[in-house]
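Colleague: My questions are about this predicted structure, shown below with the sequence.
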Amino acid sequence: MNLVIVESPAKSYTIKKYLGKDYEILASYGHVRDLPKKELGVDVEKDFDPKYIIPPKSRRAISAIKDKAKDAKIVYLATDHDREGEAISWHVVQACGLQDQKIKRITFTEITKNAILDAVKNPREIDQDLVNAQQARRILDRLVGYKLSPFLWKKITAGLSAGRVQSIAVRLIVDREREIKNFVPKIYFVVLAELSKNKKNFTTKLTAIDGKPIEDEILASKKDVDKIVDEAKKEKWLVDKVAAEDKLRFPFPPFTTSTLQQSANYGLGFTSKKTMKLAQDLYEAGKITYMRTDSSNLSWLAVNSVRKFIEAEYGKRYLSDKAINYKTKSKGAQEAHEAIRPTYIETKPEELKIKTVTPDHTKLYEMIRNRTIACQMKPMEYQEINVEVKAGKYTFSTQGRKIKFDGFTSLTPIKFPEIELPILKAKDNLKLESIKNEEKQTQPPARYSEPTLIKVLEKEGIGRPSTYVPIISTIQQRGYVFLQNRFFYPQEIGEMVTDLLVENFPDIVNIKFTANVEEEFDSIAEGKLKWTAMLRKFYDPFIANINTKNKTVEKSKEFNQKIAKKCPKCQSELIMRVGKFGKFIACTSYPKCKYTENIVEKSNYKCPKCKEGDVVTRHGKGGRRFWGCNKYPKCDYINFTGPLPADISKIKNQKSKIQIKNKK
């Protein structure tokens, strides 16, 4: 009997089908060892020697593996093929005492018969460099969290925590919010003229005066714009130039982890966490390749399979002239990995069979499959017609678009509508139907959503495919930010922590510094850098700075202020504190007395339902911010979009399900 170790039971069920009765498959249920929760667990004086423990949840799995390994001829470690998977295999060996067993490491990017059998025929040793890269990340994050968090407790308030990568994400959100708040819009005007030829109307926009191009923002004077409109009305309108150009719109690359999360959010409304859970199910059922990847590369076997499918299903006219190779632009991408694709391109979404298939599994699979097929299809062909119209010294422009061949968009439609113009040629006379100016104003940058935050993290080399979801989850769980209508907003405490870190630990919240650390992890994985040396280079100046700042930085005076009234429960003094959801009042006798009192943030609006109460800010389950009437429960008005009252007709019969009361 041979023993195969994987992470999850779902994965083991699929693999068992291909290996047969001579193989026993057991799951480790993820990591079997970790650093202890209640202590640092790292001996910094002994080359950062980690103290690993077996958590209670892993003991049953360890016991089962030990028992089966005794009689196994070979123990195959078949955990995921990334650094995390390599580390899990190493920890299984250490925790189960399998060093004397015949151990073989096998990896695969898809759970198919050929891939599994090929992996068994070509085993290797555990790659200690990959293990050390994972250990370095885990230990560095532990050092930052356990050394920096107490500093926050002393200088702001108890219960706060700091993370190496998460702090960058919070800073991005905080900085963006401040950009928006400090943004001063500028008023400008655009001049639009509706023209016609042969009773076919089209709209043009003023783009040049006396042959000199203008920017929208230049037209800032209403008086000047009115003058332009008056003068242009009197002019003769003639077509000056018509230029037609054939163009191509190429298909998108197959999905990486980040682009899958972004597309699933935009197209299906899935959170990143949900997307990765569904993708994990599909992978473990053998339906898609490994879903944690930063590569856009496809194997030549996969490309050939897709190209044959396109020719058979869509015809040769839709097949690209030659195989298209894609390379990712993200920093540190591992091109040896593959993009996310179906294991069998012939499997249609409606034929998807997994243990607990849901409509959402089908939607995500269809998105992955269509993107994979489309990447080897011909581009969309279209003609772009650029027209310039003269009215005296004023030049007005417009653009037409005609699609000549839909190409890959026959499978993956995009927003690219045709724009119809009448047939025009130079010196054609045009009729002015109307001319007007429209007032506009410059817009602030948009807040980050899940997909846009992931996009910037990937672009800057912050984190890796396996870390995007934990980053987003952690910064919300800690109460530093919240998600409202799909956009991130910082909480007050998130801003305070960010400011303190920027002022005193600039490297921790510096994008370039953090990206360089990621590159050093890559160097460790490649065997080019010793992991303990990398940690020492980071730790010594880091801990020296913490020791200095503990002495020189004063405690925040904004919180921990005494309140001029006694506690109604035990008559002790009350004090202002800060938690996940902002300021609150607490008893100084905590934990003996656990009385707390919310500090309600008022808006400038009266309740649109009862007309008596004020609209105030509240926090519900998970920290989600909402706005409600301060007369609750007498009035159950609630609004999740903002302090500005919503349409009363939509909330007349709405019943609040959230209980608002003081914690006692």
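Modeller: Looks like it came in fine. Just so you know, these numbers come straight off a predicted model, no measurement behind them.

Colleague: Touching, Trp299 and Ala339? I think so.
Modeller: That one is not Trp; residue 299 is Ser. No: the pair Ser299 / Ala339 is not scored as a contact, 9.5 Å apart, by C-beta atoms under 8 Å. Where you see a C-beta, it was placed from the backbone N, CA and C, and this is true even at glycine.

Colleague: if you count what's nearby, which of those two comes out ahead?
Modeller: Neighbours per residue (other C-beta atoms under 10 Å) separate Ser299 from Ala339, with Ala339 holding more: 28 against 14.

Colleague: helix or strand for the residue nearest to Glu350 when sequence neighbours are not counted, which one?
Modeller: Nearest non-adjacent residue to Glu350, counting by C-beta to C-beta, 6 or more residues apart in numbering: Thr362, 7.4 Å away. Taking DSSP states H and E as the definition, Thr362 sits inside helix 359-374.

Colleague: So, low pLDDT: which residues of the chain?
Modeller: Low-confidence segments of the chain (pLDDT under 70): 216-217, 328-336, 557-562, 564, 578-582, 620-624, 641-664.

Colleague: Pull up the gap between the residue most central in space within it and Tyr266, please.
Modeller: Note on the chain: the residue nearest the mean C-alpha position is Ile454, at 3.1 Å, using C-alpha atoms, centre = their mean. Distance of Ile454 to Tyr266, given as C-beta to C-beta, to the nearest Å: 12 Å.

Colleague: residues contacting the residue nearest to Lys353 when sequence neighbours are not counted?
Modeller: Ranked by C-beta to C-beta, 6+ apart and with sequence neighbours excluded, the top spatial neighbour of Lys353 is Ala285, at 8.0 Å. Counting by C-beta atoms under 8 Å, 6 or more residues apart in numbering, Ala285 makes contact with 10, 14, 111, 353-355.

Colleague: can you check Ser473 too?
Modeller: So Ser473 contacts Lys273 (C-beta under 8 Å, 6+ apart).

Colleague: With Tyr18 instead?
Modeller: Shown in contact with Tyr18 (C-beta under 8 Å, 6+ apart): 112-113, 116-117.

Colleague: Export those as CSV, with columns for distance to Ala533 and secondary structure.
Modeller: Output for those, formatted as CSV (distance: C-beta to C-beta, whole Å; DSSP: H, G, I helix; E, B strand; the rest coil):
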residue, distance to Ala533, secondary structure
Thr112, 41, coil
Lys113, 44, helix
Ile116, 38, helix
Leu117, 41, helix
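
Colleague: Can you pick out the most distant pair from those?
Modeller: Spanning the widest gap among the contacts of Tyr18 are Thr112 and Leu117, at 9.2 Å by C-beta to C-beta.

Colleague: which SS class is Ala64?
Modeller: Three-state call for Ala64 (DSSP: H, G, I helix; E, B strand; the rest coil): helix.

Colleague: Look at it and say how many residues are nearby.
Modeller: 14.

Colleague: Over to the one 4 residues further on?
Modeller: Neighbourhood size, Lys68 [other C-beta under 10 Å]: 17.

Colleague: and what of the one 10 residues further on?
Modeller: Counted with other C-beta under 10 Å, the neighbours of Ala78 add up to 27.

Colleague: How much space separates it from Tyr13?
Modeller: Ala78 sits at a distance of 13 Å from Tyr13 (criterion: C-beta to C-beta).

Colleague: got the contact list for Leu500?
Modeller: Per C-beta under 8 Å, 6+ apart, neighbours of Leu500: 152, 155-156, 553, 556.

Colleague: and the residues you listed as TSV, adding secondary structure and distance to Val190?
Modeller: Output for the contacts of Leu500, formatted as TSV (DSSP: H, G, I helix; E, B strand; the rest coil; distance: C-beta to C-beta, whole Å):
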residue	secondary structure	distance to Val190
Leu152	helix	49
Lys155	helix	50
Ile156	coil	48
Val553	coil	51
Ser556	coil	48
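
Colleague: Among these, name the buried ones.
Modeller: Neighbour-count burial (16 or more other C-beta atoms under 10 Å) applied to the contacts of Leu500 gives 152, 155-156, 556.

Colleague: For Lys402, state which of the residues you listed is nearest.
Modeller: Taking C-beta to C-beta as the measure, Lys402 sits nearest to Leu152 out of the buried ones among the contacts of Leu500, at 59.7 Å.

Colleague: correct me, but the closest one touches Ser161?
Modeller: Yes: under the criterion of C-beta under 8 Å, Leu152 makes contact with Ser161 at 7.2 Å.

Colleague: burial count for Lys355?
Modeller: Neighbours of Lys355 under the rule other C-beta under 10 Å: 11.

Colleague: Let me know the distance separating it from Trp300.
Modeller: For Lys355, the distance to Trp300 - C-beta to C-beta - is 32 Å.

Colleague: before we move on, back to that, remind me which helix or strand the residue nearest to the centre of the chain belongs to.
Modeller: Take DSSP H and E as the rule and Ile454 turns out to sit in helix 450-459.
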